[in-house]
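Engineer: Model the structure of this input:
(2 chains)
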Amino acid sequence: MSDINKITRNPEKQELSEDMSSHDQTEITTLLKLILEITGSHVLDYHPEERIQQIISRVGKVMNIRYSSFLDIQTEFEKIKIREKYLWSNKYGYLIGSDFDNIETDPCFMTLLLQLQKHHPIIIKQNDTSGIINELMRERQSGSMIMVPLIHNNIISGILVFFNESDTRSWIHTEITTLKILASVIETGISKKQIEDILKRSEKKFQGLIDQIGDMYFMTDKSGFLKTVNRSMVKTLGYETFHDLEGISFENIIHPPEYWPIFLSDIISNEGVKDYEIQLLTSDNHILYSSISCRLIYDDEGMLQGIEGVIRDISRRKQYGDLLSDIEWKLEEAQKIARMGVWSYDSSLNLFRVSPEVFTLLGIPAEQNYVNLEDFIQRSYPQDKEKLQKYFPNALKLGSDFDFEFRVSLQERKFKYLRIKGKPLIKKGIKQGSFGILQDITERKDVEKHLMKYATELEQKTLELDAMRTQLLDMNRELDIRVRRRTIQIEELLKQKDEFIQLIGHDIKTPLTPLVAILPYIRKKVSDPEIGELLDNSIEDVATIRKLVSKILELAQMNSLYMISDIQEIAIWEMVNQVISDNAYLIHQKSLEIINIIPKNYKIMMSPMHFETVAGNLIGNAIKYSFIEGKVTIQAQDIGDSIVITIEDIGIGIEKEHITRIFDEFYRADNSRHERGSHGLGLAIAKRVVEIYSGKISVFSDGAGKGTTFQVQLNKNPDVNIKRKSGLL
Amino acid sequence: MNEIKGDIMIVDDDAHVRIAVRTILSDAGFNVIAASSGKECINFLKDGFSGVLLLDIMMPEMDGWDTISAILESGLEKRIVIVMLTAKNNPDSKMIGLQEYVIDYLTKPFDNEELIEKVGFFLRYIPK
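Structural biologist: From the prediction side, this is the model:
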């Protein structure tokens, strides 16, 4: 005892305890009474060991917490008379007895106590309280409430609980809590528990059910405070938890709040409402269009308990409704613009439902607010009446697809075209009637009429064009024949021309022969220098004529086929060298430098005579028109399929204005080139030869005195072009 | 049969050509006889002419090629050498098969020197 006394008592707690002690004691008593009340009926229904373990762990906790306060009690031991009270339970935690009610008379307790004394150090006696407490204090150092597991043969047989009647307030509070725990543990009897379970289950079920419906469910108490709501209501109104919404007055969620009394009186006067439209306010102050159905709930005695109801969010429906009416309006306008009406026909009622435009289209007066089959038929144009009468009612009756065009009479024998198009209206597999459109197609008809007219015209035009085409084809054919005939004629003429030239050549050459032969002979015999000079002139003239004639004949021959029969591979370098040596006399006379740098392996397919003609003419020209001590360079370049031969001199050159005509027959560039022995045919001949071989010939000169360059491009393997040329010759 | 004295026979329908050739070749020291047609030429050959025949191709009635054919027909080709005189540069179809009997061609108008040189040259081949 002495060491306990040393512990200082907390004066505050003491104070409090004195104020509250009487009240707390009453509470404890009440509680214990309650426990006792329920004791008798409790039957074990599930694992007792687990329960006991729970109790022990809980109790142990309480004891530990209250340890210091227990010491406090001990210091006040002298002043406050500790009156130990106890109760005890069986091994399942059910209360068996207590000393609140003369426990020593309970035989069970006594037996148990005796058993406990044998095996356990803790001895509990009714009248030896201080001893027990002290012993407990020493042995276990437990707190304000002492719970002792009653163990027999190592098996828990029950729990013994000790209470102290007079202690500080907090101590008592703990006591009460502990008792509550204990009581709750103990009172879990079958019947109540079962009822509770059932209740809980059904409550859960109910909650689940009302949670499942998408609509909001609520229940208020009689003051209009929300008592129960479902998840949907919490969510729709924008609250986070049930707790946030429950307890709020319905007045606070209705908009405007002033409407609440009106709504309430409506409910009360009508014993509830059905599909009543109200506006609800969400947690973030949004208006929610809702439809509410609710009823009043009463208890068994007929007392009003509250309101129960279901609310449906119709804000979306409202939105769609608005949208729909907007669309409807637009559709109506569109129909007006399109001059198209919409109709539906109910076969069972023999009734048309039509959009306003149908009235306008049929010309039905505004005061008539219905349309029937007769309206269609009566208003149709006389010629169409029979057709419409025949098909339209039938189509409606049979519920088949149809598409008619008919005319509707207007004033002054005018009419407009209407088109009615329909489809069967089938609901759930049963024909209910038809529906479709009525459209003014007068404009389209007009356009069609015009188009038809155009089409006819076009057809006429096409026919005319066809005829013209045939004519053209005939003309073309005729022209073709004529051209062919003419070509043959021309060819014939060309041939004749060639032959003529040959003849002319012969006829000129024949008289030339004696002249060429005799004149030099006579010259030799003449000693008179005057006559000798005259003869020399004559000889020179004859030589010129002779050359000219031979060149003309040569040019004419270019058109002859046989000339290219001797195509063979020729070595260019060699042939050019030959041509150079042919001109050796003139080269020597003019002291010219002639350079042939054509690669020796360059070869082309050509008639050697033709090559000689070309090379001879070009090189001859270069020599002829070179100044004294001039230079002529002949080179060649292989460019794949062809070889380009370049003959370059630094002689008299050619003026620009002449360069384009240099290849013309009988064209002489200028007076400097117009000298005896030049006849203006050499280049023309060269060009013709080159062209026979599909080659190219070109000339470059920077002007008078600046030299001339000829370039000849010849195919290595030419596709010989032997077309006749219609030229001078 | 009269012995025909001559080295060269000019056969040409053109009198001026005949005169010119005869003049030039006579001046050069050859014996020249002249025939105005193929027929005359054949007659001279039949008369025993031997030497160089300067035969013009283009002649009326019987041209140079016809004349050669006639010579061959008569077997008179043995003691002559034929040089064709032509104003044409192009050959014609008639020459085919007869070319081998022609030793050379002279194109009218020809140079006197060339004529003299050629005639002298071919004359050496005439079997005596």
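Engineer: helices or strands next to the helix-or-strand element of chain B with minimal mean pLDDT in the packing?
Structural biologist: Least confident helix or strand, chain B: strand B:102-107 with a mean of 85, by mean pLDDT, DSSP states H and E. Judged by 3 or more CB pairs under 8 Å, 6 or more residues apart in numbering or on different chains; DSSP states H and E, the packing partners of strand B:102-107 are strand B:80-86, helix B:112-123. For the C-beta atoms, the positions are set from N, CA and C on the backbone; glycine is no exception.
Engineer: which residues touch that strand?
Structural biologist: A:509, A:550, B:54, B:68, B:81-87, B:89, B:95, B:114-115, B:118, B:122, B:125 (CB atoms under 8 Å, 6 or more residues apart in numbering or on different chains).
Engineer: Just the buried ones from those?
Structural biologist: Neighbour-count burial (16 or more other CB atoms under 10 Å in any protein chain shown) is assigned, among the contacts of strand B:102-107, to A:509, A:550, B:54, B:68, B:81-87, B:89, B:115, B:118, B:122.
Engineer: domain parsing for chain A?
Structural biologist: A:2-188, A:195-313, A:320-440, A:445-557, A:562-715 (automatic domain parsing).
Engineer: hang on, the earlier thing: of the buried ones among the contacts of strand B:102-107, closest to residue A:520?
Structural biologist: Set against residue A:520, the nearest of the buried ones among the contacts of strand B:102-107 by CB to CB is residue B:115 (11.3 Å).
Engineer: right, and the closest one touches residue B:25 too?
Structural biologist: Yes - Residue B:115 lies in contact with residue B:25 (CB atoms under 8 Å); the separation is 7.1 Å.
Engineer: Point out where the chain drops to low pLDDT.
Structural biologist: Since no chain was named, I'll use chain A. A:1-203, A:205-207, A:209-210, A:213, A:556-565, A:665-680, A:720-729 (pLDDT under 70).
Engineer: other chain: chain B
Structural biologist: Checking chain B against pLDDT under 70 turns up B:1-5, B:88-93, B:127-128.
Engineer: what does it put close to chain A?
Structural biologist: Within chain B, the positions adjacent to chain A are B:14, B:16-17, B:19-21, B:23-24, B:27, B:58, B:85, B:87-91, B:107-112, B:115 by CB under 8 Å from any CB of the partner chain.
Engineer: Now the buried members of these.
Structural biologist: B:14, B:17, B:19-21, B:23-24, B:58, B:85, B:87-89, B:107-110, B:112, B:115.
Engineer: need the residues of chain A near chain B, please.
Structural biologist: A:502, A:505-518, A:520-521, A:542, A:546, A:550, A:553-554, A:557, A:560, A:562-563.
Engineer: CA atoms of the helix or strand hosting residue A:244 as CSV?
Structural biologist: Element membership of residue A:244, judged by DSSP states H and E, is helix A:242-245. Coordinates of the C-alpha atoms in helix A:242-245 are reproduced here as CSV (Å, rounded to 0.1, in the frame of the first residue of the first chain):
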residue,chain,number,x,y,z
PHE,A,242,-24.6,10.2,-48.8
HIS,A,243,-23.7,12.0,-45.6
ASP,A,244,-23.5,15.3,-47.5
LEU,A,245,-27.1,15.1,-48.6
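Engineer: Send me the helix or strand hosting residue A:291 as PDB with only the CA atoms.
Structural biologist: Element membership for residue A:291, per DSSP H and E: strand A:287-298. The C-alpha trace of strand A:287-298 is given here as PDB (Å, rounded to 0.1, in the frame of the first residue of the first chain):
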ATOM      1  CA  ILE A 287     -31.000  24.000 -62.200                       C
ATOM      2  CA  LEU A 288     -32.100  20.400 -62.800                       C
ATOM      3  CA  TYR A 289     -35.400  19.900 -64.600                       C
ATOM      4  CA  SER A 290     -37.000  16.900 -62.800                       C
ATOM      5  CA  SER A 291     -40.200  14.900 -62.700                       C
ATOM      6  CA  ILE A 292     -41.200  13.900 -59.200                       C
ATOM      7  CA  SER A 293     -43.600  11.200 -58.000                       C
ATOM      8  CA  CYS A 294     -44.000  10.900 -54.200                       C
ATOM      9  CA  ARG A 295     -46.300   9.800 -51.400                       C
ATOM     10  CA  LEU A 296     -46.800  10.400 -47.800                       C
ATOM     11  CA  ILE A 297     -45.700   7.700 -45.300                       C
ATOM     12  CA  TYR A 298     -47.500   7.000 -42.100                       C
END
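Engineer: quick one, the helix or strand just after it and strand A:287-298 angle?
Structural biologist: Toward the C-terminal end, the helix or strand that comes next after strand A:287-298 (DSSP H and E) is strand A:304-313. Interaxial angle, strand A:304-313 versus strand A:287-298 (axes from the mean of the first three to the mean of the last three CA atoms, to 10 degrees): 150 degrees.
Engineer: For strand A:304-313, list every residue counted as buried.
Structural biologist: Neighbour counts over strand A:304-313 (16+ other CB under 10 Å) mark A:305-313 as buried.
Engineer: Extract the C-alpha set from the host helix or strand of residue A:684 and format it as PDB.
Structural biologist: Secondary structure assignment for residue A:684, by DSSP H and E: helix A:682-692. C-alpha atoms of helix A:682-692 as PDB (Å, rounded to 0.1, in the frame of the first residue of the first chain):
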ATOM      1  CA  GLY A 682      29.100  22.200-154.600                       C
ATOM      2  CA  LEU A 683      27.500  22.800-151.300                       C
ATOM      3  CA  ALA A 684      24.100  22.000-152.600                       C
ATOM      4  CA  ILE A 685      25.400  18.700-153.800                       C
ATOM      5  CA  ALA A 686      27.200  18.000-150.500                       C
ATOM      6  CA  LYS A 687      24.000  18.800-148.600                       C
ATOM      7  CA  ARG A 688      21.900  16.500-150.700                       C
ATOM      8  CA  VAL A 689      24.400  13.600-150.200                       C
ATOM      9  CA  VAL A 690      24.400  14.100-146.500                       C
ATOM     10  CA  GLU A 691      20.700  14.200-146.400                       C
ATOM     11  CA  ILE A 692      20.400  10.900-148.300                       C
END
